[in-house]
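S.K.: Sequence and predicted model, in that order:
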Amino acid sequence: MNKLTVSTSPHIQTKVTTSRIMADVIIALSLPAIASVVLYGLPALLIIVTCVGSAIISELLFNLATKRQQTVGDLSAAVTGLILALSLPADVKVWQCVVGSAFAIVVVKCLFGGLGHNFANPAATGRIFLFLAFAEAGGGVSTRFMNEAELVTSATPLELLKTSTFEGLPSLLDMFLGNRAGAIGEGCILAILIGFVWLVARRVIKWETPVIYVGTVFLLSLIVKGDLEFAIYQVMAGGLVYAAVFMATDYVTTPINRAGRAVFALGCGVITVLIRLFGSYPGGVSFAILIMNILSPYIERLCRRRPLGGVKNDKK
């Protein structure tokens, strides 16, 4: 060895880049996006274009205003806009999409230092902001196949389950294919699962977090109500599967160790069930993820491995 190079970590390099990871996520999201346009028509396409465009422009303008290096090329803003868009109902107003996307990018992401520094998932927080600011952003709209004349506001399956009755609920097949009221991208479980397989196969996400999250909601719903059909509806209703795959697996706002991710997913499932079954709000997925995002650093610290022979230090 003629030359010894001394450098800081990381010492293991990889060809995997942020833009490549985000491109894989966009590919995985493309199927739910296509399904949303099939189910809801042009309004869904308008929401997607508006949210993605607003997210990109918001990051571009923020970086220009603060004289920071442009980061729109890493595709993270596009991913945030797309995830947010698919979590909104088809009757949300265009200007509300702009406000929600700008809030997610500027307030939740950029003001905290940009990608890698945000304390919470921008898309989930943006959805909560829209729901709290504009009640219609948390509602549901029937698909074109439910009402061929026009898209109309309709009770979501979660709202119907809140009444402890199955009257008016879509069939389980319709739930699986997305032919029910709700957000434009959360309904077609088939499309979401294909995206999940793609992300796992590409090693973008680990399978444990979505499976533990969804499994916790299923088991707790079954235990509390003692009804298998009710538990299955709870899994497929709302944005549970969608959020478990695309929000709860965020690199920045979830623990990096395996045990921590398991605890994170378990906590998301417990909080979701508590809100759905015992709270006044029929949903709960976005709130559960936000709460666990805040707790994520503590979970990561508690679940970290100690080096062999290392001394535990609770003060750190």
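M.R.: Thanks, I have it.
S.K.: I'd like the distance between the residue most central in space within the chain and residue 47.
M.R.: Computing the C-alpha centroid of the chain and ranking residues by C-alpha atoms, centre = their mean puts residue 247 first, at 2.6 Å. Residue 247 sits 17 Å away from residue 47, going by C-beta to C-beta, to the nearest Å. Bear in mind the C-beta positions are built from the backbone N, C-alpha and C, glycine included.
S.K.: Mind jotting down where the strands sit in the stretch 101-250 of the chain?
M.R.: Assigned by DSSP state E, counting those that start in this stretch, the strands in the stretch 101-250 of the chain number zero.
S.K.: Quick check: which ranges of it have low pLDDT?
M.R.: Filtered on pLDDT under 70, the stretch 101-250 of the chain yields the residue ranges 136, 147-155, 164-166.
S.K.: which stretches of it form helices?
M.R.: Using DSSP state H, counting those that start in this stretch, the helices of the stretch 101-250 of the chain run over 122-133, 157-161, 172-177, 189-201, 208-225, 228-236, 240-246.
S.K.: Out of those helices, indicate the one that is most buried.
M.R.: Among these, helix 240-246 has the highest mean neighbour count (mean count of other C-beta atoms under 10 Å), at a mean of 28.
S.K.: would you put the C-alpha positions of that helix in CSV?
M.R.: Provided in CSV are the C-alpha atoms of helix 240-246 (Å, rounded to 0.1, in the frame of the first residue of the first chain):
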residue,chain,number,x,y,z
LEU,A,240,-54.5,2.3,6.4
VAL,A,241,-52.8,0.1,3.7
TYR,A,242,-51.8,3.2,1.7
ALA,A,243,-50.3,5.0,4.7
ALA,A,244,-48.6,1.8,6.0
VAL,A,245,-46.8,1.4,2.6
PHE,A,246,-46.0,5.0,1.6
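S.K.: which helices and strands sit right next to it?
M.R.: Applying 3 or more C-beta pairs under 8 Å, 6 or more residues apart in numbering; DSSP states H and E, one finds that helix 240-246 contacts helix 18-40, helix 189-201, helix 208-225, helix 258-278, helix 285-303.
S.K.: now those helices as TSV including distance to residue 140?
M.R.: Converted to TSV, the helices and strands packed on helix 240-246 look like this (distance: least, C-beta to C-beta, whole Å):
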stretch	distance to residue 140
helix 18-40	11
helix 189-201	16
helix 208-225	19
helix 258-278	15
helix 285-303	14
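S.K.: of those, which approaches residue 68 most closely?
M.R.: Between residue 68 and the helices and strands packed on helix 240-246, the tightest spacing by C-beta to C-beta is seen for helix 18-40, at 15.8 Å.
S.K.: Show me how far the closest one is from its chain's centre.
M.R.: Counting by C-alpha atoms, centre = their mean, to the nearest Å, helix 18-40 is centred 13 Å from the centre of its parent chain.
S.K.: buried set for the helix or strand following it?
M.R.: Next along the chain after helix 18-40, taking DSSP states H and E as the criterion, comes helix 42-65. Using 16 or more other C-beta atoms under 10 Å as the burial criterion, the residues of helix 42-65 that qualify are 43-48, 50-59, 62-63.
S.K.: Contacts for helix 42-65 next, please.
M.R.: 33, 36-37, 68-72, 77-78, 80-82, 84-86, 88, 90-92, 94, 97-98, 100-102, 104-106, 109-110, 151, 184 (C-beta atoms under 8 Å, 6 or more residues apart in numbering).
S.K.: go again using 7 Å as the cut-off
M.R.: 33, 36-37, 69-72, 77-78, 80-82, 84-85, 88, 90, 92, 94, 97-98, 101-102, 104-106, 110, 151, 184 (C-beta atoms under 7 Å, 6 or more residues apart in numbering).
S.K.: That one vs helix 122-133, what angle?
M.R.: With axes from the mean of the first three to the mean of the last three C-alpha atoms, to 10 degrees defining the directions, helix 42-65 sits at 110 degrees from helix 122-133.
S.K.: what's the angle between helix 42-65 and helix 18-40?
M.R.: With the same axes, to 10 degrees defining the directions, helix 42-65 sits at 150 degrees from helix 18-40.
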